[in-house]
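Trainee: Sequence first, then the predicted structure, then my questions.
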Amino acid sequence: MKKSLHITKNSIPEKVRVELISMLNASLASITDLYAQLKQAHWNVKGPEFISLHKLFDEVAEELEEYIDTVAERAAALGGTVLGTLHESVKNTALDPYPTNIVKAKDHLEHLTHNIAIIGELTREYMDASEELNDMATNDVFIDLARFLDQKLWFLESHLQK
């Protein structure tokens, strides 16, 4: 089913905008899912590292909200319909499902780092594709998102390293 575009004077060709909007909506689904997974970990982590990880998971989730908004607004600016509902996120996420029965810090960290790595890889694919489509504004959105994800992956992985 083809999604119709909203009227815009944006000079990017319609065919290109359709591809870009698809990438942005796919990214939106995964980062919205990651946000919910970070909150799940924030609420349920237990053990000696509780307070530091409780705060870290919440801080990362809070910062991720800005990227959720940026990605969604870029899709809208291109004339697209933003697919930002929880239903759309669940249906279209690239992430592995988050287990709801874990409490150990190590288990939360392993699941979160795994899924951040998935989004990081997907984001780099979208960086390349948006550059090939010659839309440097969307490319910049993906570059910023990749930088954020790489930093947060490093922060979380540091807790797993000896």
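Mentor: That came through fine.

Trainee: State the helix or strand in which the residue in the chain sticking out farthest from the centre lies.
Mentor: Distance to the chain centre peaks in the chain at P48, reaching 28.7 Å (criterion: Cα atoms, centre = their mean). Applying DSSP states H and E as the criterion places P48 outside every helix and strand.

Trainee: which ones are touching it?
Mentor: A105 (Cβ atoms under 8 Å, 6 or more residues apart in numbering). Yep, even glycine has a C-beta here, placed from its N, CA and C like the rest.

Trainee: And it, its phi and psi?
Mentor: phi -60, psi -30 (degrees, to the nearest 10).

Trainee: State the distance from it to K106.
Mentor: P48 sits 11 Å away from K106, going by Cβ to Cβ, to the nearest Å.

Trainee: same check, this time on R17
Mentor: For R17, the distance to K106 equals 43 Å [Cβ to Cβ].

Trainee: Those two - which one has more neighbours?
Mentor: R17 (22 against 13; other Cβ atoms under 10 Å).
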